[in-house]
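Novice: Predicted model follows, preceded by the sequence.
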Amino acid sequence: MADQTHVLFVEDDDVIREATQLALERDGFAVTAMPDGLSGLEAFRANRPDIALLDVMVPGLDGVSLCRRIRDESTVPVIMLSARADSIDVVLGLEAGADDYVTKPFDGAVLVARIRAVLRRFGHAGGGEKSDEGADGVSGGVLTFGELEIDTEGMEVRRAGQPVALTPTEMRLLLEFSSAPGTVLSRDKLLERVWDYGWGGDTRVVDVHVQRLRTKIGQDRIETVRGFGYKLKA
């Protein structure tokens with residue numbers, strides 16, 4: 001298991017859990033599958049997986065609450081699984097700290113592709129440790145935007161001298177903005193560069209992450225350009 005990517009999969013439907021576990025294992029992943037949120041949290045703490053797949057509607061501790069608990073302890077990537085494309089499920093999961101989501105029923109190949117895309121942008125740091133990989137086109141050194149300082153080599157951010165805790169996805173998003181301050185970046189371009197989507201994706205993922213980033217670095221630091229996207233104020 002040490003040489004394999006370790007996936008924590010929390011799903012209460014026995015058929016989906018077993019079928020998905022087998023499919024992931026055939027693709028070379030090591031899988032710990034749990035039927036409820038409480039056992040999923042115990043498994044996370046015991047095994048420190050490389051990525052977590054959490055169904056939204058699981059008993060004991062629902063997927064959103066479980067994601068929140070994991071995010072309190074780790075920056076390990078999290079993908080939420082939802083039986084509905086309902087915006088409430090999606091937004092709640094993303095606001096809890098999830099990096100992406102997949103709607104059920106899902107194709108096994110799509111799920112594997114999404115997992116690998118998330119792991120690539122995390123540099124497969126494993127165990128929830130932050131990756132040292134930065135965004136493309138960002139040179140080393142410290143970038144300063146008002147009270148905001150971004151150390152692109154140390155992967156650290158400070159606001160008014162105080163450290164700002166960002167998830168790897170939030171960090172990559174900020175690095176993308178800081179590589180072209182004042183330039184409007186469309187949601188589709190951010191999906192491609194930050195989420196590694198080679199296909200069309202749900203732009204709500206971008207919107208929620210931008211809002212989460214704003215709460216940490218300052219609401220007025222990232223400007224919305226209606227009809228086009230977002231830009232970092234120089």
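Specialist: Everything's here; your move. Numbering: from 1, shown residues only.
Novice: Quick check: the gap between the spatially most central residue of the chain and Leu81.
Specialist: Centroid-nearest residue in the chain: Asp99, 1.9 Å away (criterion: Cα atoms, centre = their mean). Counting by Cβ to Cβ, to the nearest Å, the separation of Asp99 from Leu81 is 13 Å. For the C-beta atoms, the positions are set from N, CA and C on the backbone; glycine is no exception.
Novice: for Arg68, same thing?
Specialist: Per Cβ to Cβ, Arg68 is found 16 Å from Leu81.
Novice: The two: which is more packed in?
Specialist: The neighbour comparison of Arg68 against Leu81 (other Cβ atoms under 10 Å) goes to Leu81, with 25 against 18.
Novice: Adjacent strands (with direction) for the helix or strand containing that one?
Specialist: Taking DSSP states H and E as the criterion, Leu81 maps to strand 78-82. With DSSP bridges as the test, strand 78-82 is paired with strand 51-55 (parallel), strand 100-103 (parallel).
Novice: Mind checking those strands for the one nearest to Asp62?
Specialist: strand 51-55 (8.9 Å; Cβ to Cβ).
Novice: about what we covered before: would you point to the one among the strands paired with strand 78-82 that's packed deepest?
Specialist: Comparing the strands paired with strand 78-82 on average neighbours per residue, with mean count of other Cβ atoms under 10 Å, the densest one is strand 51-55 at a mean of 26.
Novice: right, and the helix or strand after that strand?
Specialist: Following strand 51-55 toward the C-terminus (DSSP H and E): helix 63-73.
Novice: So which other helices or strands are in contact with that next one?
Specialist: Applying 3 or more Cβ pairs under 8 Å, 6 or more residues apart in numbering; DSSP states H and E, we find helix 63-73 packed against helix 37-47, strand 51-55, strand 78-82, helix 87-95.
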